[in-house]
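Undergrad: return atomic coordinates for the entry below.
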Amino acid sequence: IPHMTVIQPADDLETHQVIQYLARTNAPCYLRICRQPVPRIHDDEYQFQFGKGAIVREGRDLSIFATGGTVHTAIAAARRLLDEGISTRVVNLSTLKPIDTQLIYRCADETSAILSVEDHSVIGGMGSAIADVLAQRPGNRALSYRIHGVPDVFGESGEPADLYRKYLLDEEGISRVARELVTRDCQ
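TA: I've put the predicted structure just below:
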């Protein structure tokens, strides 16, 4: 929808700040929040910036862009991957529209692979938006990219943890998908 903002905060602190921001704006917005409790990933100094992503973990081999409930599982997966020698940056991309083009370019320039992770359809979500940005990237050096989320299926009910496990959106699943992406990139 033209002029529609889309935001999906990652924790309670960011959700509170996003709602305060939205109360001060006079524009249409779709606020996407998950239903399961998630751990706090930001410290008390964090300040939501509309239209900007936030690097929540540094890394040099792979950048994982995550949103909402997948941010904390992406952080856990990054810890697991580090034990395997894969240095993984994690980006909380809470503002999905407008998307942070400059941060996507930066991550594409500084790491050799990007993985988008979201609890949303792989069609028309954050992953597609990042792909659109990467296609327009100046210099456009070779980069491995994968969109990871819910396949194009009918919605399904269940416990969030069970659904995350089924669609490989939990720590183990994200680690596996990321490992395959980086391994493929190295061959």
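Undergrad: the nearest residue to residue 15 once chain neighbours are set aside: neighbouring residues, count only.
TA: Nearest non-adjacent residue to residue 15, counting by C-beta to C-beta, 6 or more residues apart in numbering: residue 9, 4.3 Å away. C-betas here are computed from N, CA, C, even on glycine. Residue 9 has 26 neighbours, counted by other C-beta atoms under 10 Å.
Undergrad: pretty sure residue 46 belongs to a helix, no?
TA: No - under the criterion used here (DSSP: H, G, I helix; E, B strand; the rest coil), residue 46 is coil, not part of a helix.
Undergrad: can you tell me which residues contact it?
TA: Going by C-beta atoms under 8 Å, 6 or more residues apart in numbering, residue 46 touches 13, 14, 17, 54.
Undergrad: and with 10 Å instead?
TA: 10, 11, 13, 14, 17, 40, 54, 56, 92 (C-beta atoms under 10 Å, 6 or more residues apart in numbering).
Undergrad: residue 41 now?
TA: Counting by C-beta under 10 Å, 6+ apart, residue 41 has contacts 10-14, 54, 56-57, 66, 71-72, 74-75, 90, 92.
Undergrad: same check on residue 157?
TA: Remark: with contacts taken as C-beta under 10 Å, 6+ apart, residue 157 is in contact with residue 163.
Undergrad: could you check how far it is from residue 66?
TA: Per C-beta to C-beta, to the nearest Å, residue 157 is found 23 Å from residue 66.
Undergrad: all the helices of the protein, in order from the start?
TA: Secondary structure of the chain (DSSP state H): helices at 12-24, 71-83, 101-110, 126-135, 160-166, 171-186.
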